[in-house]
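Q: Got a predicted structure here, sequence first:
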Amino acid sequence: FESISKTKFLRICRMVPFERVVSLTLSDKDITHGQIQLFISLFDINQFVRLRSLTLIRIEANDLKIFLDYTIHSSLISLSIDLQT
């Protein structure tokens with residue numbers, strides 16, 4: 001979700017069953033600032049058992065650890081990280 005409002009993001013999070021998600025993009029760009037923290041507060045990334053592709057845009061180092069711990073035991077095929085400086 002690179003360019004949607006927080007309201008739309010929350011609505012989608014409630015509608016989509018996490019166990020069916022195969023690809024996920026989270027972004028903390030200016031327009032979506034705080035999206036990654038919001039996602040972390042709403043979900044346990046370990047519940048995304050079918051996730052194969054994960055893209056993290058402008059993620060802060062302290063948030064990245066949560067996702068890196070997940071990747072060790074996941075079935076990810078693709079991982080893209082844009083670390084916020």
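A: On my side now, so go ahead.
Q: so where do the helices sit in this structure?
A: In order along the chain, the chain carries the following helices (DSSP state H): 6-15, 35-42, 61-73.
Q: Please tabulate those in a markdown table, including the columns mean neighbour count.
A: To be clear about C-beta, it is placed using only N, CA and C from the backbone, and glycine gets the same treatment. Formatted as a markdown table, those follow (neighbours: other CB atoms under 10 Å):
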| stretch | mean neighbour count |
| --- | --- |
| helix 6-15 | 12 |
| helix 35-42 | 16 |
| helix 61-73 | 13 |
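Q: want to throw the ones you listed into CSV with distance to L51 and mean pLDDT?
A: As requested, the helices of the chain are exported to CSV (distance: least, CB to CB, whole Å; pLDDT from 0 to 100):
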stretch, distance to L51, mean pLDDT
helix 6-15, 15, 81
helix 35-42, 13, 89
helix 61-73, 8, 91
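Q: Save those as a markdown table, and put in distance to D82 too.
A: Listed next are these as a markdown table, based on distance: least, CB to CB, whole Å:
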| stretch | distance to D82 |
| --- | --- |
| helix 6-15 | 18 |
| helix 35-42 | 11 |
| helix 61-73 | 10 |
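Q: Compare these and give me the one nearest T25.
A: Distances from T25 to each of the helices of the chain were compared using CB to CB; the shortest belongs to helix 35-42, at 9.8 Å.
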